[in-house]
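> Following is a predicted model, sequence given first.
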Amino acid sequence: MREYTTQMDAARKGIITPEMEAVSTYEKIDIQELRELVAEGQVAIPANKNHKCLKPYGIGNRLKTKINVNLGTSRDCLDLDVEMQKVQAAIDMGAEAIMDLSSFGDTQKFRRKLTSECTAILGTVPIYDAVVYYNKALKDITSDEWMEVVKMHAEDGVDFMTIHCGINRATADRFKQNLRHTNIVSRGGSIIFAWMELTGNENPFYERYDELLDICEKYDVTISLGDACRPGSIADAGDISQISELVALGELTQRAWRHNVQVMIEGPGHMPLNQIRANMEIQQTVCKGAPFYVLGPLVTDVAPGYDHITSAIGGAVAATYGASFLCYVTPAEHLRLPTVEDVKEGIIASKIAAHAADVAKGIPGAAEWDYQMSEARRELDWEKQFELAMDPEKARRYRSESTPEREDTCTMCGKMCAVRNINKILRGEDVDIMD
């Protein structure tokens, strides 16, 4: 029998959990410092007590920036084997979290397979699953039924859930009074907004928030407060709808902490580069330093097919100034369900953004990786460069596809290679560029 309900409860009682020990070792952070950050809500360790094979990670801006991979079935793409290939690819490439966003088929079967086999942090959006599970008109889903699906996901072992609690009647009215360029682009947010409009009722997750927190506390589920009004275009960034919902999320954060429930805050979305820093700092203020989980942000709207790049640009800036959890974006964003190859490209782009931010923030060990790579380049040690590369397979393949005349060069510069020639000069050797 545990002496605590959640990681936050344990931290506040001075208890060091096995999950805290694992995170402390991985992050190279003092265990008592970590415990205090968890107690204050500055770090979340999503760890449902029913997820037995979990490898725990901490999420907070004092720690390494983590990335999340979205996947799951849809009506048009219903192949569980392909989704499991994506899961394995994500784990192999170092993604710390996976969100199952399945919106069709036997969603519980897939979810339970994940919580029994997958070591990554697992997240879901119960709002999607309710529509699938009850298989009836949206307006006919009851408040009780919405809550039952949350309970089912918690029992199944999900570590964090995105729940759109902040779009209540008041924030919905502000949205209707201040219509946006791209309206509501959050799938979960749009479902709850539509349900409120169809029924005339308050958002059940807002109205019954204490009951929701009781479920999260019982199973140690981290609540990820969804941003129904995240901007879906740079024209909507920082508008009344986004900021008014953020204020509501700040209030809900403190209510969750009073229940010892860990919280993450979800954020944009699409946002021009010049607004990102201010948005991160506003969130940190309004939500009292709760970990910020961002989709991108995508810094331009005009690059379909390359949105993993637009997202990585924004993600690096966001994580430098406060975001601690980046939701990856694939080249297929806005176009179709991603393939396994799309998933890999999205993960690499997001990992580059996360690492770049960690270097900028001075996270212990981050710059050391770059230092080692630079040493290997200076020594023209190709094997060491492959070993240190974020994607060793691709780096090795690129070199093998264009073989140089000499091993100490590449096919771009040949004997004009600056690194090779400076090394030779410093060793007192002749430079044989034209020989």
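Here it is on my side, so go on. This structure is a prediction, so every number in the text was calculated from the model and none was measured. Residues are numbered from 1 along each chain as shown.

> distance of the closest residue to residue 241 other than its chain neighbours from residue 87?
Distance criterion Cβ to Cβ, 6 or more residues apart in numbering; nearest residue to residue 241, sequence neighbours excluded, is residue 229 at 4.0 Å. Glycine gets a C-beta too; all of them are placed from N, C-alpha and C. Relative to residue 87, residue 229 is positioned 30 Å away (Cβ to Cβ, to the nearest Å).

> who's more crowded, the two?
More crowded of residue 229 and residue 87, by other Cβ atoms under 10 Å: residue 229, with 32 against 24.

> wait, what's in contact with the more buried one?
166, 167, 171, 175, 184, 186, 189, 241, 242, 244, 245 (Cβ atoms under 8 Å, 6 or more residues apart in numbering).

> Over to the residue nearest to residue 241. Which of the three states is it?
coil (DSSP: H, G, I helix; E, B strand; the rest coil).

> Pull the number of nearby residues for residue 255.
14.

> when you give positions from now on, start the count at 6
Shifting the count to begin at 6 puts that one at residue 260.

> Roughly how far does it sit from residue 122?
Distance, residue 260 to residue 122, using Cβ to Cβ: 34 Å.

> next one: residue 289
Note on residue 289: its distance to residue 122, by Cβ to Cβ, is 36 Å.

> who's more crowded, these two?
Taking neighbours as other Cβ under 10 Å, residue 289 and residue 122 compare with residue 289 leading, 19 against 11.

> what's downstream of the helix or strand containing the more buried one, the next helix or strand?
Using DSSP states H and E, residue 289 falls within helix 278-291. As assigned by DSSP H and E, the chain's next helix or strand after helix 278-291 is strand 297-300.

> re earlier: nearest to residue 204, out of the contacts of residue 234: which one, please.
Lowest distance from residue 204 to those (Cβ to Cβ) belongs to residue 172, with 14.1 Å.

> Convert the longest helix seen in the chain to CSV, retaining C-alpha atoms only.
Counting by DSSP state H, the longest helix found in the chain is helix 345-366. Extracted in CSV, the C-alpha atoms of helix 345-366 (Å, rounded to 0.1, in the frame of the first residue of the first chain):
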residue,chain,number,x,y,z
VAL,A,345,6.1,5.5,-40.2
GLU,A,346,8.6,7.5,-42.3
ASP,A,347,6.7,10.7,-41.6
VAL,A,348,6.8,9.9,-37.9
LYS,A,349,10.6,9.5,-38.0
GLU,A,350,11.1,12.8,-39.8
GLY,A,351,8.8,14.6,-37.3
ILE,A,352,10.7,13.1,-34.3
ILE,A,353,14.1,14.1,-35.6
ALA,A,354,12.9,17.7,-36.3
SER,A,355,11.4,17.9,-32.8
LYS,A,356,14.5,16.4,-31.2
ILE,A,357,16.7,18.9,-32.9
ALA,A,358,14.5,21.7,-31.6
ALA,A,359,14.5,20.3,-28.1
HIS,A,360,18.3,19.8,-28.0
ALA,A,361,19.0,23.3,-29.4
ALA,A,362,16.8,24.8,-26.6
ASP,A,363,18.6,22.7,-24.0
VAL,A,364,22.0,24.0,-25.2
ALA,A,365,20.6,27.6,-25.0
LYS,A,366,19.2,27.0,-21.5
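
> which helices and strands does that helix pack with?
strand 71-76, helix 85-97, helix 312-325, strand 330-332, helix 371-383 (3 or more Cβ pairs under 8 Å, 6 or more residues apart in numbering; DSSP states H and E).

> I'd like those as JSON lines, with mean pLDDT and distance to residue 283 appended.
Below are the helices and strands packed on helix 345-366 laid out as JSON lines (pLDDT from 0 to 100; distance: least, Cβ to Cβ, whole Å):
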{"stretch": "strand 71-76", "mean pLDDT": "95", "distance to residue 283": "23"}
{"stretch": "helix 85-97", "mean pLDDT": "90", "distance to residue 283": "32"}
{"stretch": "helix 312-325", "mean pLDDT": "98", "distance to residue 283": "11"}
{"stretch": "strand 330-332", "mean pLDDT": "98", "distance to residue 283": "18"}
{"stretch": "helix 371-383", "mean pLDDT": "97", "distance to residue 283": "24"}
